[in-house]
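In: here is the input, now give the coordinates:
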Amino acid sequence: QGIGGQTPQQRYDAATKATPSGPVQQHAGVTQRPVTSTGVVAFSGCSIIIGRCWAAQTATVYWQGDRVSIMIGDTVVRTLTLDRSVRYQRLTPKLSTTS
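Out: Sure, this is the predicted structure:
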């Protein structure tokens, strides 16, 4: 049985489709971020470790989607793909404790 004599597909096709509200999320860009005293750059809800040797500098962060490159001056300090399952983006992969 249909509602108002229409099939579910007809009602779906006639309905107004949902669209995102607010500004469209940027998929690429560049920004500058300070490096903390412990060598961390905060970006997109993540803490990206670049090392204490870069402390108190200003980093330029280039991104496209989750792919991120961090530069300080003319030096590429780190390139990574953000792991959205964790906030803390380690310098080295975590070693497995299972064998």
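In: list the residues that contact the nearest residue to Gly51 once chain neighbours are set aside.
Out: Sequence neighbours aside, Gly39 is the residue nearest to Gly51 in space, at 4.5 Å (criterion: Cβ to Cβ, 6 or more residues apart in numbering). For glycine as for every other residue, the C-beta is placed from the backbone atoms N, C-alpha and C. Listed by Cβ atoms under 8 Å, 6 or more residues apart in numbering, the contact set of Gly39 reads 49-55.
In: tell me, how many residues neighbour Gly45?
Out: Gly45 has 8 neighbours, counted by other Cβ atoms under 10 Å.
In: now the strands for the chain?
Out: Secondary structure of the chain by DSSP state E: the strands cover 28-34, 40-43, 46-49, 58-64, 67-72, 75-81, 88-89.
In: redo those as TSV? Include mean pLDDT and mean neighbour count.
Out: TSV is the format used below for these (pLDDT from 0 to 100; neighbours: other Cβ atoms under 10 Å):
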stretch	mean pLDDT	mean neighbour count
strand 28-34	96	11
strand 40-43	96	19
strand 46-49	96	20
strand 58-64	96	16
strand 67-72	96	17
strand 75-81	96	14
strand 88-89	94	16
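In: quick one: the spatially closest residue to Phe43 that is not a sequence neighbour from Gln89, how far?
Out: Nearest-residue entry for Phe43: Val61, 5.3 Å, with adjacent residues in sequence omitted and distances by Cβ to Cβ, 6+ apart. As judged by Cβ to Cβ, to the nearest Å, Val61 and Gln89 stand 12 Å apart.
In: thinking again about what came up before, are any of the contacts of Gly39 buried, and which?
Out: Neighbour-count burial (16 or more other Cβ atoms under 10 Å) applied to those gives 49-50, 54.
In: name the nearest residue to the residue nearest the centre of the chain, ignoring sequence neighbours.
Out: For the chain, the residue sitting closest to the mean C-alpha position, by Cα atoms, centre = their mean, is Asp66 at 4.6 Å. Leaving aside its sequence neighbours, Asp66 sits nearest to Leu82 (Cβ to Cβ, 6+ apart; 4.3 Å).
In: show me what contacts that neighbour?
Out: 44, 46, 48, 66-68, 89.
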